[in-house]
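Chemist: model this:
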Amino acid sequence: MESGNTHHRTEEYQLKRLNELLDQNLEKSDYTIDAICEDLGVSRSQLFRMVKELTGLSPSLYIRQRRLLRGQELLKGTDWRINEITDKIGFDSPQAFTKYFTQEFGLSPSDYRRQQEAGPPKQATPVIPSANDIGESTGEPPGEERPRGIPSVPLGAVPGKRWKYLPILGLVALVLLALGVFGYSRFLASSSRASSEAFVNSVAILPFRNAGTDTTALLADGLAGQIHSSLSAVENLKVISRSSAELFRDTRKTIPQIAAELHVNYILVGRLKQMGQHMLVSVELVEAAQDRTLWSKTYQGTDEALMGFMTTVARQTILALDQKLTDAESRRMDRTPTGNSDALREYLIGKQLMLSRSADKLKASLLRFDRAIALDSGFADAYARKALAYFLLGTDNMINLRKGISQSEQNALKAIRLDPENGLAYAILANSYRELNQWEQAVTTYQIALGHSPNDAEINYWYSITLRSLGRFEEAIQYSTKALALDPLYPSIIVGHIGNYSYAGRYAEARQLIKEYALMLDEFYVYYYVKAYYYLNLGDYTNALKEMESCVSLNPDIPVLHSTLQYCRARVGQRAAAEAYLKTIPQIPSRYPDLAIVSAGLNDKENCLKYLRLGLNQGNMPYYLKVSPIFRFLHGDPRFQEILRQLGLLDPQPPA
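Modeler: Residues are numbered from 1 along each chain as shown. Prediction:
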């Protein structure tokens, strides 16, 4: 016990030292995490764990909040101009200071200063815990550190393999047209509102607290998920993705702090407790700025009726937020995944198993989904998740890709037949079309998916990176902006959004985002990958090489990272290293993209084109072939244009 207390006191001392270092270096906007770790004598992971455990904040947010509190003091105690205060507290620009100050305190710096001059502030000030405050009990468990890697989400930020074979039967397109007319027309009517500015209100549904067993923990997650699904049906209501909300499970942060990080006005919290054969569920909606409960509801009864209660909660939330529902939104809100509690449990276990993305757990998830379907043959969501599991197994080369795509398609179509408004099922079909380089069908099907699920962060993100691959960069930014608004703390979406700005040539904005998320993402390999491509798009090979070296050091197991590293080495004159690596790559279909990439670095046009043609024949192509700066030197070559034509990437037109 004494050892544990000593460890705690040591970390308290380290936090005190961190505060002193931050105060001494507050004016330095370039005071990096590496410099902090060096001054403290700790590693990055140690720093993250310590700050997260003791304050409930990530290091980046803790540092930002400390800067903001100093800015608040200067606004109150000096007559310095906003730009002078910005310099004193280490923000890059007055705009950045104003943005984060407004998020933190609910007022702009100018309005805050005017309020101080007029009288005492009405808004409570958040307080950074000092080393002396940290040992006090709050009655709540300490926040759990949940480090998150960047999963290889379907067709995500890192280039992957492609498989060229016979197109999916025309029957699929007919089914899509028959089932998706409503969703597609609705999408076209609303597509101009894809950015986050369209939202009238915003809410986050925190993970429900579980006062029962592991089984009831799954049920608690399912209940929160059902409310999320119902509220997401409302197009102009921003509902934060569950992946971002999950970061606040068992948190010690206050409601206003959570709302500030997620950029929402309201927080919905719940608690589940099992009482014999009955369930007790309590839910409340909190207005974040005032930390004031708008309403609360309690349910006690059998678990079979819980989903209906969640629909009631969703409607009560809509009423409290004064949202107006269309008939279609109202219909989707009333949709429940299943009325069978046993089927729901099997489904939730299956979803949980999918999170690790390992082959054995993905296959185990299929068994759970099959059990759920056996218990409820009309369980459309179970078919949709089964489709996603097969898609991941195929595209991650855990099973034959042809089999994975085929099984994914069959189950997605079954989900659509059972529920013609199932946005996830349409999105999984769109992913399959993209794998097959059937770009026009992919775009149309994503649009149908978004027509039914306009506020699904993942679907918006998938669509944005598809648009990027087609060279439609401004549209890509539009949808990744919305995805990020819906899921502001998910690394894959953040780096995809940065990549969209980089490919669009909007380098100032890309650079600002790279700086903004540096502390949050500096342990994620894809962050360095997207930074490398930022420099590649600029033609700055020296800095691109530096970022790729960091990327590979964090994840040495992905071949395309090594081939991109060797491309960069060749471009800065380290040809011998690239040539030596080229000789080690086996001449097999799965490595044709790597052979092409390294050949491009050596400016070997003939071999680069040779491996691209071989990859085309075998279905293995670099993912962003049309827009990648690596293959930019081929753009004037008619042979490269022919490859793009065969892939459907030669200036495809958007659907009429």
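
Chemist: just the CA atoms of the strand or helix carrying Leu74, as PDB, please.
Modeler: Assigned by DSSP states H and E, Leu74 belongs to helix 59-77. The C-alpha coordinates for helix 59-77 follow below in PDB (Å, rounded to 0.1, in the frame of the first residue of the first chain):
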ATOM      1  CA  PRO A  59      -1.900  16.400 -22.300                       C
ATOM      2  CA  SER A  60      -2.800  18.600 -25.300                       C
ATOM      3  CA  LEU A  61      -6.100  19.600 -23.800                       C
ATOM      4  CA  TYR A  62      -4.600  20.100 -20.400                       C
ATOM      5  CA  ILE A  63      -1.900  22.400 -21.900                       C
ATOM      6  CA  ARG A  64      -4.500  24.300 -23.900                       C
ATOM      7  CA  GLN A  65      -6.700  24.800 -20.900                       C
ATOM      8  CA  ARG A  66      -3.800  26.200 -18.900                       C
ATOM      9  CA  ARG A  67      -3.000  28.600 -21.600                       C
ATOM     10  CA  LEU A  68      -6.700  29.700 -21.800                       C
ATOM     11  CA  LEU A  69      -6.900  30.300 -18.000                       C
ATOM     12  CA  ARG A  70      -3.800  32.500 -18.200                       C
ATOM     13  CA  GLY A  71      -5.400  34.300 -21.100                       C
ATOM     14  CA  GLN A  72      -8.500  34.800 -19.000                       C
ATOM     15  CA  GLU A  73      -6.400  36.300 -16.200                       C
ATOM     16  CA  LEU A  74      -4.800  38.700 -18.700                       C
ATOM     17  CA  LEU A  75      -8.100  39.800 -20.100                       C
ATOM     18  CA  LYS A  76      -9.300  40.500 -16.600                       C
ATOM     19  CA  GLY A  77      -6.200  42.100 -15.200                       C
END
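
Chemist: buried residues in the next helix or strand after it?
Modeler: Moving toward the C-terminus from helix 59-77, the next helix or strand (DSSP H and E) is helix 82-89. By 16 or more other C-beta atoms under 10 Å, the buried positions in helix 82-89 come out as Ile82, Ile85, Thr86, Lys88, Ile89. From N, CA and C alone the C-beta is placed, and that goes for glycine too.

Chemist: closest one of the residues you listed to Lys324?
Modeler: Among the buried residues of helix 82-89, Ile82 lies closest to Lys324 (C-beta to C-beta), at 38.2 Å.

Chemist: rewinding a little: nearest to Gly270, of the buried residues of helix 82-89?
Modeler: Distances from Gly270 to the buried residues of helix 82-89, taken by C-beta to C-beta, are shortest for Ile89, at 37.7 Å.

Chemist: low-confidence ranges, the stretch 101-250 of the chain, go.
Modeler: Low-confidence segments of the stretch 101-250 of the chain (pLDDT under 70): 118-200, 214-215.

Chemist: low pLDDT regions in the stretch 301-450 of the chain?
Modeler: 303-304, 307, 356.

Chemist: rerun at 80
Modeler: 301-311, 322-337, 339, 341, 352, 355-358, 395-397, 401 (pLDDT under 80).

Chemist: so where do the strands sit in it?
Modeler: Assigned by DSSP state E, counting those that start in this stretch, the stretch 301-450 of the chain shows no strands.

Chemist: pretty sure Phe505 contacts Asn537?
Modeler: To be clear, residue 505 is Gly; Phe isn't right here. Yes. With contact defined as C-beta atoms under 8 Å, Gly505 and Asn537 form a contacting pair (7.2 Å).

Chemist: okay, those two: which has more neighbours?
Modeler: Remark: of Gly505 and Asn537, Asn537 carries more neighbours, 21 against 10, as counted by other C-beta atoms under 10 Å.

Chemist: is it true that Ala449 touches Asn431?
Modeler: No. Between Ala449 and Asn431 there is no contact under C-beta under 8 Å: 9.8 Å.

Chemist: one step back: TSV for the buried residues of helix 82-89, including distance to Arg271 and pLDDT?
Modeler: Shown next, in TSV, are those (distance: C-beta to C-beta, whole Å; pLDDT from 0 to 100):
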residue	distance to Arg271	pLDDT
Ile82	43	81
Ile85	42	87
Thr86	42	83
Lys88	44	85
Ile89	39	88
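
Chemist: got the domain ranges for this structure?
Modeler: 2-118, 201-322 (automatic domain parsing).

Chemist: for Ala359, see how far away Arg390 is.
Modeler: Let me fix one detail, which is that residue 390 is Tyr and not Arg. Separation of Tyr390 from Ala359 (C-beta to C-beta, to the nearest Å): 12 Å.

Chemist: wait, I meant Ser377
Modeler: For Ser377, the distance to Ala359 - C-beta to C-beta - is 28 Å.

Chemist: more neighbours: which of those two?
Modeler: More neighbours surround Ala359 than the other of Ser377 and Ala359, with 14 against 11 (other C-beta under 10 Å).

Chemist: Ile494: what's it in contact with?
Modeler: Counting by C-beta atoms under 8 Å, 6 or more residues apart in numbering, Ile494 touches Leu484, Leu513, Tyr517, Met520, Leu521.

Chemist: who wins for neighbours among those residues?
Modeler: In terms of neighbours by other C-beta under 10 Å, the contacts of Ile494 top out with Leu484 at 25 neighbours.

Chemist: which residues touch the host helix or strand of it?
Modeler: Element membership for Leu484, per DSSP H and E: helix 473-486. With contact meaning C-beta under 8 Å, 6+ apart, helix 473-486 is reached by 194-196, 199, 238-241, 263, 455-458, 460-461, 463-465, 467-468, 493-494, 496-497, 500-501, 503-506.

Chemist: those, buried ones only, as a PyMOL selection?
Modeler: In PyMOL syntax, the buried subset of the contacts of helix 473-486 is picked out as below (16+ other C-beta under 10 Å):
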select buried, resi 194+196+199+238+239+240+241+263+455+456+457+458+460+461+463+464+465+467+468+493+494+496+497+500+501+503+504+506
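
Chemist: mind checking which of the contacts of helix 473-486 are in helices?
Modeler: 457-458, 460-461, 463-465, 467-468, 493-494, 496-497, 500-501, 503 (DSSP state H).

Chemist: okay but Gly471 is in contact with Tyr624, surely?
Modeler: No. Using C-beta under 8 Å, Gly471 is not in contact with Tyr624; the gap is 9.6 Å.

Chemist: compare these two (neighbour count), which wins?
Modeler: Tyr624 (21 against 16).

Chemist: just give the closest residue to the more buried one, not the sequence neighbours.
Modeler: Ser469 (5.6 Å; C-beta to C-beta, 6 or more residues apart in numbering).

Chemist: check contacts around the one you found.
Modeler: Counting by C-beta under 8 Å, 6+ apart, Ser469 has contacts Arg434, Trp439, Tyr623, Tyr624, Lys626, Val627, Leu649.

Chemist: which of those residues fall within helices?
Modeler: Arg434, Trp439.

Chemist: Serialize the contacts of Ser469 to JSON lines and add fields for distance to Ser590.
Modeler: Converted to JSON lines, the contacts of Ser469 look like this (distance: C-beta to C-beta, whole Å):
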{"residue": "Arg434", "distance to Ser590": "19"}
{"residue": "Trp439", "distance to Ser590": "23"}
{"residue": "Tyr623", "distance to Ser590": "14"}
{"residue": "Tyr624", "distance to Ser590": "18"}
{"residue": "Lys626", "distance to Ser590": "21"}
{"residue": "Val627", "distance to Ser590": "23"}
{"residue": "Leu649", "distance to Ser590": "21"}
